[in-house]
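1. predicted coordinates and the sequence they were generated for:
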Amino acid sequence: MATENRALAQAIAEAREFEPDRYPGGLKMAFFRLMDVPRDEAPELWAELRRALRENPHLRDPDVRAFLERSDLAERGYWWFDPDRW
């Protein structure tokens, strides 16, 4: 559970702190680490991740969204790879 919470906390921090001059690779790597985190645990952290992704105006940039998007993974239930579902 602690490892899962760390992965969620890292993804939340990456989403909150993302700025235009940063490469989005760190956030994308955090997304991949989330694939191992059970989505039925720590619902408050999952909600916070969704909020952080939705509220950071820099993540609305079309190029950043295109970089982060993986429709094949989003279709398998990993919603964070689909910016429209944030």
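-> Ah, there it is.
2. tell me how far the strand or helix carrying T3 is from the chain's mean position?
-> Applying DSSP states H and E as the criterion places T3 in helix 2-17. A distance of 9 Å separates the centroid of the chain from that of helix 2-17, by Cα atoms, centre = their mean, to the nearest Å.
3. so which bits of that helix are buried?
-> Within helix 2-17, the residues that qualify as buried are E4, A7, L8, Q10, A11, I12, E14, A15, counting by 16 or more other Cβ atoms under 10 Å. C-beta coordinates here come from the backbone N, C-alpha and C atoms, glycine included.
4. what's it packed up against?
-> Contacts defined by 3 or more Cβ pairs under 8 Å, 6 or more residues apart in numbering; DSSP states H and E place helix 2-17 against helix 25-34, helix 43-55.
5. need those in CSV with mean neighbour count, can you?
-> Below are these laid out as CSV (neighbours: other Cβ atoms under 10 Å):
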stretch, mean neighbour count
helix 25-34, 17
helix 43-55, 16
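6. out of these, the one nearest W80 is which?
-> helix 25-34 (5.3 Å; Cβ to Cβ).
7. please compute how far that closest one lies from its chain's middle.
-> 7 Å.
8. tell me the angle it makes with helix 2-17.
-> Angle of helix 25-34 versus helix 2-17, following axes from the mean of the first three to the mean of the last three Cα atoms, to 10 degrees, is 150 degrees.
9. specify the angle between helix 25-34 and helix 43-55 in degrees.
-> 150 degrees.
10. give me the contact list for helix 25-34.
-> Residues outside helix 25-34 that contact it (Cβ atoms under 8 Å, 6 or more residues apart in numbering) are 7-8, 10-11, 14-15, 18, 49, 67-68, 70, 78, 80-81.
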